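Chemist: Let's see this in three dimensions:
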Amino acid sequence: MLLTDMFKYIGDVSVKIQQYNVDKYKSLLQIIINAHGLTGMEIPGVNLGKKYKMSDVESWIKEGKYGSFFHFHSSLGFGKQRSDYGRLKQQIDQVPVLGFNSGRYDINLIKNDLFAIIVPFIKAIKARRELFMRFDLDMFTDGVSLPGLSEKVMYQTCFNNLQYPDKKPANVFQFPAKRLGGHKSQDAKAKREFGMTLNHLGTLLQKQKYLCGLCYCQLTVDTASADRINNKLGHIDDNILVSCIECNTARKDMSLKGFRYKKLLEFNSDGLVYSIDKEEKDIYAKMKANIAGGPSINFNRYAKRNETKIRGGKLCKKIIGYDANALYLWALGNEMPCGRLTTNEAYDGIVEGIVADKIFRFLECDILTPDHLKHYFSEMTPIFKNTLIDCADESVIGHHMYKYNEARKQSRAKPARKWIGSYFGEKILIYAPFIKWYISHGLKISKTYCFIKTSSHKALDPFMEAVSNARREGDVDKSKAMIAEMMKLVGNSAFGRSGMDMSKHKEVKYESNDKAIKSKIEHFTFHGLEELN
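Modeler: This is a model prediction of the structure:
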């Protein structure tokens, strides 16, 4: 009896959920019926050779053949070759059943809790959907993982404030008639129709204000050319725009919209973040080796209020801790190295140029702290670097840690590279803002090697503002608190994702075909292989 009641309950719940889904998508289902129609093979008891629309369905409902649109929908049957309506029906008729052990009989045990959380669950989905929509992202395809979403949101905001070229009209000129012969011969060779006139070209030049129709640079008699809009057609008056020769040659078969966007990105290249590709692999290796983690310093191994002495015998009265609530986000919003990165030899006066804000670079150099400033920096040394630490040397690690390491006997720490604070750095790569800070605080650059040329721009500042504004809105309006919390996660995840070492992410593939093996070996992500047999 209990099993009978349980299955009856599951059946009733299934019908209610199906009815809810049909009501929700009713307008879409009706549009599909009117657009494509339903055949007699899909509707039981009607003429097979006719297509039926919503007017027929409504008349059947009025006649009492069907109690409602849901009853009509439930009666439909589709074969293996489903129409658009059939595919949608298959999806909305399915009812997900949750189980503690993935058993279908468990729904009776969780029904009270399940229905209690449906409302907040729907609210959470809607809030997440709203978060995605504000960045024109689809929550089902772009929200697979939070770090992946955060990265897309972060880089997408870089393109929100692109600057357009100044469309200042150029000097008036006549399109050179001698160019028509070249275009005519091109069409004849390609067996295309030619129908371009000088009058139409003159009209186009006036409309375009004598600017290139693709990159908007000023045209002259020497640079103007007739570019085909549809490259499958010839040079015909209705299929022409005037562009510069450079754009005409470079566009090839690209669409006008796509090529214009490409030229817009080129115009803004100094303010965009570029991927470091294979051509700049040396820059990648140099920058990766100099990535600095945040320092975590213990000034004392043990501290007690009114007992511990600091700074020459002063008694420690209390400890105050400060925490920045959006430090990662602030870091993303600062000046970033943008544009194409290139390596150049250092030259005399480069440090002075960086200090005077004339140039923005990464400088590889030797830097040191003068002796008279070492006391000033004694609590937190200014240079952080990776270096090899010999744990067997008491003069390097100090008496306390040396005794601790010796007491571990067989488990003693071996020499290893550690992240340390120091008074000097040799051949380390330093970011321009850091160089300015070091110089202003008295440190000396003793030698320069090379520099990485880059452009300075706050490329990710719109992302920082978007996350910050969402969090502020959540503080003011409690109905947006959920979005604020999600945007906080997006901001933190974006920082972590941007520092992720993707070279450590490896995918193992098994191949037996010689051609496939060669293809994998020649791919730029190839790391290594092992022959199994």
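Chemist: Show me the chain divided up by domain.
Modeler: 2-116, 178-267 (automatic domain parsing).
Chemist: got those as CSV, with mean neighbour count and distance to Leu162 columns?
Modeler: Just so you know, the C-beta spots here come from the backbone N, C-alpha and C atoms, and that holds for glycine as well. CSV is the format used below for the domains of the chain (neighbours: other C-beta atoms under 10 Å; distance: least, C-beta to C-beta, whole Å):
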stretch, mean neighbour count, distance to Leu162
domain 2-116, 13, 36
domain 178-267, 16, 6
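Chemist: where are the low-confidence patches of the stretch 301-450 of the chain?
Modeler: For the stretch 301-450 of the chain, applying pLDDT under 70 flags the ranges 301-302.
Chemist: cutoff 90 now
Modeler: Applying pLDDT under 90 to the stretch 301-450 of the chain flags the ranges 301-344, 346-348, 355-361, 378-381, 384-422, 431.
Chemist: how about the helices in it?
Modeler: Along the stretch 301-450 of the chain, the segments classed as helices by DSSP state H, counting those that start in this stretch run 327-332, 350-355, 394-397, 399-407, 432-440.
Chemist: can I get those in a markdown table with distance to Ile483 and mean neighbour count?
Modeler: Output for these, formatted as a markdown table (distance: least, C-beta to C-beta, whole Å; neighbours: other C-beta atoms under 10 Å):
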| stretch | distance to Ile483 | mean neighbour count |
| --- | --- | --- |
| helix 327-332 | 16 | 16 |
| helix 350-355 | 41 | 18 |
| helix 394-397 | 49 | 14 |
| helix 399-407 | 47 | 12 |
| helix 432-440 | 33 | 16 |
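Chemist: In CSV: those, plus distance to Lys252.
Modeler: Output for these, formatted as CSV (distance: least, C-beta to C-beta, whole Å):
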stretch, distance to Lys252
helix 327-332, 37
helix 350-355, 41
helix 394-397, 62
helix 399-407, 65
helix 432-440, 39
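Chemist: related to what we said a few turns ago, CSV for the domains of the chain, including distance to Ile435 and mean pLDDT?
Modeler: Formatted as CSV, the domains of the chain follow (distance: least, C-beta to C-beta, whole Å; pLDDT from 0 to 100):
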stretch, distance to Ile435, mean pLDDT
domain 2-116, 58, 77
domain 178-267, 30, 91
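Chemist: Report all helices and strands that the one helix or strand Gly491 maps to contacts.
Modeler: In this structure, Gly491 sits in helix 481-498 according to DSSP states H and E. For helix 481-498, the elements it packs on are helix 118-133, helix 146-156, helix 327-332, helix 461-476, judged by 3 or more C-beta pairs under 8 Å, 6 or more residues apart in numbering; DSSP states H and E.
Chemist: Leu204 is nearest to which of these?
Modeler: helix 146-156 (35.0 Å; C-beta to C-beta).
Chemist: In space, not sequence, find me the middle residue of this structure.
Modeler: With distances taken as C-alpha atoms, centre = their mean, the residue of the chain nearest its centroid is Lys152 (2.1 Å).
Chemist: doesn't Asp136 make contact with that residue?
Modeler: No - the pair Lys152 / Asp136 is not scored as a contact, 10.2 Å apart, by C-beta atoms under 8 Å.
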